[in-house]
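>>> Take this sequence and fold it.
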Amino acid sequence: MWETEDLRTPSLVSQLSHPFTAHSEYFPSAALDALHRILADRRLAHYHREAVGAVVSIVHALGTKCVGFLGAILPRLMWLLRPGEDHGSRDADFKEYVFKRLGEVVSVARQHTRVYVSDILLLIREYWECGPQLLRPVL
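Just a heads-up that it's a prediction; the model follows:
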C-alpha cells in the first residue's frame, strides 16, 4: 500500500467540472493541492506538521462536504505514516501527531472512510508494538 503510493496525482482543481473561483470546491481544492505539494517534498519536512494541521482544519471546516476530498487526503496522511519513513529526530512525535489527525479526519468523515479501513488497519498492525499512546487517537 504505502510503497506504491505515488504523490504526483492530478491537481484537485483540474478535476473540477468548471475550475473557476465561483465553484464552491475551488478554494479547498487549491489549498489542498498546495498542502499536498508541501507534504510530498522531503526538503520541506520541517513544515509537514503545519501542513497536516492545515489539511485537517480544512476537513473540519468542510464537515461532511469533505467526502469528495477523502481520496486525496487519506492516502497522503497514511503515506506519511508508512514504515521506514524518517521525519527527523522527532519522528515518533510526528507520527503520533499524524495518527491523531488521521483519527480526527475519520471522526468527521465517519462511514465514508470505509474504503480506507483495510489500509488504516494495516498501519495499526504495523505500529501495534509501539504502544497505545501512538494508536489511541485512531482506535
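>>> Longest helix of this protein, counting residues only.
Determined from DSSP state H, the single longest helix within the chain is helix 91-109.
>>> For that helix, name the packing helices and strands.
Helices and strands touching helix 91-109, as assessed by 3 or more CB pairs under 8 Å, 6 or more residues apart in numbering; DSSP states H and E, comprise helix 48-62, helix 70-80, helix 117-127, helix 132-135. C-beta: built from backbone N, CA, C; applies to glycine.
>>> hey, which of those helices is tucked in deepest?
Per residue and on average, the most neighbours among the helices and strands packed on helix 91-109 fall to helix 70-80, with a mean of 19 (mean count of other CB atoms under 10 Å).
>>> How far away from the center of its chain is that helix?
If you compare the mean C-alpha spot of helix 70-80 with that of the full chain, they lie 4 Å apart, counting by CA atoms, centre = their mean, to the nearest Å.
>>> ok and the longest helix of the chain relative to helix 48-62, angle-wise?
An angle of 10 degrees separates the directions of helix 91-109 and helix 48-62 when computed by axes from the mean of the first three to the mean of the last three CA atoms, to 10 degrees.
>>> Where does pLDDT dip in the protein?
Within the chain, the segments meeting pLDDT under 70 span 1-10, 12-23, 84-90, 131-139.
>>> how about a cut-off of 50?
For the chain, the stretches with pLDDT under 50 are 1-5, 89.
>>> which of the residues in the helix or strand F27 falls within are buried?
Here F27 is covered by helix 26-40, with elements defined by DSSP states H and E. Neighbour-count burial for helix 26-40 flags 26, 28-33, 35-36, 38-40 (criterion: 16 or more other CB atoms under 10 Å).
>>> Let me know the closest of those residues to H46.
Using CB to CB, I38 comes nearest to H46 of the buried residues of helix 26-40, at 10.2 Å.
>>> How much space separates D91 from I58?
Relative to I58, D91 is positioned 25 Å away (CB to CB, to the nearest Å).
>>> Leaving out the residues flanking it, which one is nearest to the spatially most central residue of the chain?
The residue lying closest to the centre of the chain (CA atoms, centre = their mean) is L77, at 2.8 Å. Counting by CB to CB, 6 or more residues apart in numbering, L77 lies nearest to L102, which is 5.0 Å off, once chain neighbours are set aside.
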